[in-house]
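*Asks:* Kindly generate the corresponding structure for this input.
(3 chains)
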Amino acid sequence: MAGFREAQGDLVLENVTKSFTTFTAVDDLSLTVPRGSFFALLGPSGCGKTTTLRMVAGLEQPTSGTIRIGNTDLTGSRPYERPVNTVFQSYALFPHLSVRDNVAFGPKRRGVKDALAQADATLSLVQLTHLAGRKPTQLSGGQQQRVAVARALVNHPEVLLLDEPLGALDLKLRREMQVELKRIQTEVGLTFVHVTHDQEEAMTMADTVAVMNLGKIEQMGAPDVLYDLPRTKFVANFLGQSNLMSGHVDDTDGDNVVVSTAQHKLRLRKSRAAAGSGDIAFGVRPEKTRIHNADPGPAAAGNSIGPGTLVDVSFTGVATQYLVDVPEAGRWAVYEQNLDLERIDSRPGDTVWISWDPGHAFGVRP
Amino acid sequence: MSALAHIGGSTSGSAPAAQPTPTKRGKVAYLLLLPGVLWLIVFFVVPLVQLFTVSLQSKFPGYPGYYYRDVNFGNYLTAVVDYWPHFARSLLYAGLATLLAFILAYPLAYAMAFKAGKWRGVMMICVIAPFFTSFILRTIAWRQILSDDGWIASALNALHLLPGGHITETWVAVVAGLTYNFLPFMVLPIYASLERADPKIIEAGGDLYANGLTTFRTVTLPMSMPGVLAGTLLTFIPAAGDYVNAELLGSDISTKMVGNGIESQFFRVVDGYPTAAALSFTLMAAILALVFLYVRKYGTEELL
Amino acid sequence: MSTSQRLRFWIANRFVMIVAILVLVYLFLPVAYTFVFSFNNYKKSNIQWNPEGSPTLDHWKNPFGPPGIKDALLTSLGVGAIATLVATVLGTLLAFALVRHDFRGKGAGNILVFVPMATPEIVLGASLLTIFVQGFNQVGLTLGFWTIVIAHIMFCLSFVVVTVKARLQSLDPRLEEAAQDLYAGPGGTFWRVTFPLVLPGIVSAALLSFSLSFDDFIITNFVSGDATTFPKFVYVSYLRGIPAEANVIGFSLFVIAVLLVIAGQVVGSRRRSPA
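*Replies:* Modelled structure (predicted):
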């Protein structure tokens, strides 16, 4: 095909901006996706993740900046000139073509001789050989999703883009497809760029997660690192759940900084603080905290808050979730796995304290 | 607090940031437009302009059938003064026929959209199929059905329910014919808009109001409003301009509509051209004004 | 629940369907009359059933017997075919321009398409007659077959545009993006994806065009001159007494149309089912 650009290597976005008449969807975004990795763009709707994906696909052109694969500049080229394929949200399968013809569509357009044979081979990869003759409308949601994956994969793209590919499936099927997609990615070894608003989905599947907000990447990294040490308030809240409290760094104590809040002085590892001085938001994950019905005492000084009032207790099976109103600190959530044989028998209205291991606390920009 | 909002993650799908409707600019558009627009200008706009100039022409005294270019609004005066009963009948009959067609069409369209199941296709064929027997033949069939010795008139006469003894040659027959002829034009748009509606919404309405009539008035009818609007226009406009029903089913004088006036001025009256043209324009203006008011009151942009 | 309650429930549940079926019966009543009167053994006029003559198959034996009826039918079919072809092509192009392109005067274009549908047929016919006799006769166009064709193209055009436009607007833009993503250029995207998906809309526009053209009387009556279409033949012969052969032809066309539509639906659903 004329104009088709062969390219190999990492996917690189450099200073990419996309402005529409009324707003900027993507704002000076730079990003490198290593070849062969499973990369997730995570964010709420309207954060610019889908626009980013569409620019990589060539369905939108950036207002400024460049998009490369390896050393090949793709900026300005048309979608059909790029070694990139997309699994569309709600799949966009051609309703007038059979499953086999849907999958063979790409190879045929590129003039591949054994297009149908390749289609059949890819259909067997997604275990749909038996449905090759059907029309897309005759398939279940999960089956349509596999066809969409096969239709993109059959072209052996350098980068495969997935736009909320599991959004239309029910929870159980979504779990199955997460495992399936991960298996396929490992098997074919392509670069996958996966756009989603589901943090759990992103963390389960991706090697690297980039959290986007308002057209910018807030933070990027391996899921466990991102979860353990969020660097911004947005990430701390979007990726899982956090108890956050604003404070001020006004002292150091060995490896720690001391954060003063309205009622408490709390300790925080220097390496886990976003700022060495000034305003900071002190945070700790609910499942990293414990609840006490008596003041934990000086041993926990700097790693605990209280007293507060217990407002809600809900037993969820694997854990018990407590909500505690702490004066000047807001409402805190505490998840305790039910490990203790003698569980604290707390009721709403009780006075309680909360403590945590100092290594779990983090400080993010306010 | 915002932390708690994210328990379990949001489940709503995110829409793409950019609206991907592919609109293009450039000369191609004009190439695509050219033949169709040209056709409409040459064979719709220009003839209307020409008809308008004719409506202002004057008779050449002493030469029957000859006219000269003029700005003679007297033709409009003649049209309104001589033909106002025709206008009144046209709008009244068309309005009645539209109302009746709506009453008949809605249950049919509703049944097709929500109750028919696998019979939907068959019912659709049933609505369209009578078109293929000529409209004139079907109108004549109505004359036979409604005739004095037909079973309807006989039954009504036996019950002394027919004051004049006839159905044909009365306005009842004309309205019945109009209703019948334009009924499919009412059914199809209503069906199309109901089919697009989600039956779950109507069920939800049923849950909220329990009363079937309230559900219909507050949920079903508003959802089908674009179809109702299109249907009433597609019924009212041709009905108001029709003359065949009045000709075949009505009487000689008392049930004639504007269409009959235009037709006879054009074909049967010497020197009738300017009056016929003025009648046409008055009819069109009346219809456009009514349509405009109607669309303003109930309208949506979906019409265009 | 008492029996009367149960009966009321049963009726309420099916009330809409019962009314719908009655309306369909109403729609078919005149067709049935047309059919019955095709067997009328009448002397002078086929308007009244002749109780003396026993029903006859004579009119079915030679439906083209009455002078002029065959020509009228052929004229109608010819006008319908040409008008449908031209109106469908022009209307489809217009619909694509109006939905897929941005250009100056788009609003005016939409109005130009809409207004002919809001104009009574008699006004369309009268204005066309005016221009045909006061202008086009000077370029050698006399009233007849071709003026009917021109007029029919004009009024079918708007209906084609509306039908195709609706189909185009309901088309998921992602499908075309998917085609581009799968290496189809602009031409490939159009012919492999857009066109096949819009085709059902174009086909129904063509069917609508043909039925509107075939059944039109009012406009045709104005612009036809000496030419006669089937509806005009029936209307004109009404005064002298319509030959029952017209009923034979009218009813046969109805049967043929129904069979064609059913065949089309069967083929359509076959193509949709598994290979």
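*Asks:* Sketch out the low-pLDDT regions of chain B for me.
*Replies:* Low-confidence segments of chain B, defined by pLDDT under 70, are located at B:1-26, B:65, B:202-212, B:299-304.
*Asks:* need the helices for it, in chain order.
*Replies:* According to DSSP state H, chain B carries its helices in the segments B:27-40, B:46-55, B:74-110, B:120-128, B:135-146, B:151-158, B:171-196, B:199-209, B:212-215, B:221-223, B:225-241, B:244-249, B:258-267, B:273-298.
*Asks:* Could you check the helix or strand hosting C:Thr163 against chain A for contacts?
*Replies:* Element membership for C:Thr163, per DSSP states H and E: helix C:145-169. No: contact check for helix C:145-169 against chain A, using CB under 8 Å from any CB of the partner chain: none in range, with a minimum separation of 12.8 Å. (Glycine included, C-beta is placed from N, CA and C.)
*Asks:* which element follows that helix toward the C-terminus?
*Replies:* helix C:173-181.
*Asks:* tell me which parts of chain A are close to chain C?
*Replies:* Proximity of chain A to chain C is assessed by CB under 8 Å from any CB, with A:1, A:4, A:57-59, A:78-80, A:84-86, A:88-90, A:92-96, A:98, A:105-106, A:109-110, A:133-135, A:137-138, A:151-152, A:155 identified as the residues in range.
*Asks:* now for the longest helix along chain C, which elements pack on it?
*Replies:* Ranked by residue count under DSSP H, the longest helix found in chain C is helix C:3-37. The criterion is 3 or more CB pairs under 8 Å, 6 or more residues apart in numbering or on different chains; DSSP states H and E, and the helices and strands that helix C:3-37 contacts are helix B:74-110, helix B:120-128, helix B:135-146, helix B:171-196, helix C:244-272.
*Asks:* now the end-to-end length of stretch A:197-212.
*Replies:* Start-to-end span of stretch A:197-212 (CA to CA, to the nearest Å) is 10 Å.
*Asks:* buried residues in the next helix or strand after the longest helix of chain C?
*Replies:* Using DSSP H and E, the next helix or strand after helix C:3-37 towards the C-terminus is helix C:58-61. By neighbour count, and taking 16 or more other CB atoms under 10 Å in any protein chain shown as the criterion, the buried residues in helix C:58-61 are C:His59.
*Asks:* And the next helix or strand past helix C:58-61?
*Replies:* Once helix C:58-61 ends, the next helix or strand along the chain (criterion: DSSP H and E) is helix C:69-100.
*Asks:* which residues touch residue 40?
*Replies:* Chain wasn't specified; assuming chain A. If you count contacts by CB atoms under 8 Å, 6 or more residues apart in numbering or on different chains, A:Ala40 has them with A:Val193, A:His194, A:Val195, A:Thr196, A:Glu201, A:Ala202, A:Met203, A:Met205, A:Ala206, A:Thr208, A:Val209, A:Ala210.
*Asks:* Actually, chain C is the one I wanted.
*Replies:* If a contact means CB under 8 Å, 6+ apart, then C:Asn40 has C:Asn46, C:Trp49, C:Asn50, C:Gly53, C:Pro55, C:Thr56, C:Ala244 as its contacts.
*Asks:* what residues are up against whichever residue of the stretch 101-250 of chain C sits closest to chain B?
*Replies:* Closest contact between the stretch 101-250 of chain C and chain B, by CB to the nearest CB, is at C:Pro120 (2.4 Å). Taking CB under 8 Å, 6+ apart, we find C:Pro120 in contact with B:Ile237, B:Pro238, B:Ala240, B:Gly241, B:Asp242, B:Gly259, B:Leu283, B:Met284, B:Ile287.
*Asks:* Go ahead and confirm C:Pro66 touches C:Ala244.
*Replies:* No: with contacts defined as CB atoms under 8 Å, C:Pro66 does not count as touching C:Ala244, sitting 9.1 Å away.
*Asks:* These two - which one has more neighbours?
*Replies:* C:Ala244 (23 against 18; other CB atoms under 10 Å in any protein chain shown).
*Asks:* Which residue, neighbours along the chain excluded, lies closest to the more buried one?
*Replies:* C:His59 (4.1 Å; CB to CB, 6 or more residues apart in numbering or on different chains).
*Asks:* wait, what's in contact with the spatially most central residue of chain B?
*Replies:* In chain B, the residue lying closest to the centroid (CA atoms, centre = their mean) is B:Thr235, at 2.0 Å. Neighbouring residues of B:Thr235 by CB under 8 Å, 6+ apart: B:Ala94, B:Ala97, B:Thr98, B:Ala101, B:Phe102, B:Phe182, B:Leu183, B:Phe185, B:Met186.
*Asks:* State the distance from it to chain C.
*Replies:* For B:Thr235, the distance to chain C (CB to the nearest CB, to the nearest Å) stands at 12 Å.
*Asks:* can you check B:Val172 too?
*Replies:* Looking at B:Val172 against chain C, where the rule is CB to the nearest CB, the gap reads 15 Å.
*Asks:* Count the neighbours of that residue for me.
*Replies:* The number of residues near B:Val172, taken as other CB under 10 Å, comes to 18.
*Asks:* So A:Phe238 sits against A:Asn213, correct?
*Replies:* Yes: with contact defined as CB under 8 Å, A:Phe238 counts as touching A:Asn213 (7.5 Å).
*Asks:* what is in contact with these two at once?
*Replies:* Jointly contacting A:Phe238 and A:Asn213 under the rule CB under 8 Å, 6+ apart are A:Gly43, A:Pro44.
*Asks:* Low-confidence regions, chain A specifically.
*Replies:* Residues of chain A that meet the criterion pLDDT under 70 lie in A:1-3, A:341-344.
*Asks:* Would you mind splitting it into its domains for me?
*Replies:* Here the domain assignment for chain A is A:11-228, A:242-364, based on automatic domain parsing.
*Asks:* so of those, which one's packed in deepest?
*Replies:* Compared across the domains of chain A, domain A:11-228 shows the largest average neighbour count, a mean of 20 (mean count of other CB atoms under 10 Å in any protein chain shown).
*Asks:* Could you pull up the residues touching the nearest residue to A:Ser19 once chain neighbours are set aside?
*Replies:* In space, not counting the residues next to it along the chain, A:Ser19 is nearest to A:Thr63; the distance is 4.7 Å by CB to CB, 6+ apart. By CB under 8 Å, 6+ apart, the residues touching A:Thr63 are A:Thr17, A:Lys18, A:Ser19.
*Asks:* Then C:Leu24?
*Replies:* Listed by CB under 8 Å, 6+ apart, the contact set of C:Leu24 reads B:Leu108, B:Met123, B:Cys126, B:Val127.
*Asks:* ok, now which ones touch the first one?
*Replies:* With contact set as CB under 8 Å, 6+ apart, B:Leu108 has these partners: B:Met123, B:Val127, B:Val187, B:Tyr191, C:Val19, C:Ala20, C:Val23, C:Leu24.
*Asks:* Neighbours of the fourth one, how many?
*Replies:* The local packing count at B:Tyr191 equals 26, with neighbours defined by other CB under 10 Å.
*Asks:* from memory B:Phe131 sits against B:Pro184, does it?
*Replies:* Yes: the pair B:Phe131 / B:Pro184 is scored as a contact, 6.7 Å apart, by CB under 8 Å.
*Asks:* Return the residues of chain A in contact with chain B.
*Replies:* Counting by CB under 8 Å from any CB, the residues of chain A that sit close to chain B are A:20, A:25, A:44-46, A:48-51, A:54, A:59-60, A:89, A:163-164, A:167-168, A:197-200, A:237-238, A:240-244, A:286, A:330-331, A:333.
*Asks:* what about stretch A:70-81, distance to the chain center?
*Replies:* 26 Å (CA atoms, centre = their mean, to the nearest Å).
*Asks:* Stretch B:50-70 too?
*Replies:* Per CA atoms, centre = their mean, the centroid offset for stretch B:50-70 relative to its chain is 32 Å.
*Asks:* now do the same end-to-end measure for that stretch.
*Replies:* The first and last residues of stretch B:50-70 sit 13 Å apart, counting by CA to CA.
*Asks:* residues in contact with A:Arg267?
*Replies:* The neighbours of A:Arg267, taking CB under 8 Å, 6+ apart as the test, are A:Asp253, A:Asn256, A:Val257, A:Val258, A:Val259, A:Gly302, A:Asn303, A:Pro358, A:Ala361.
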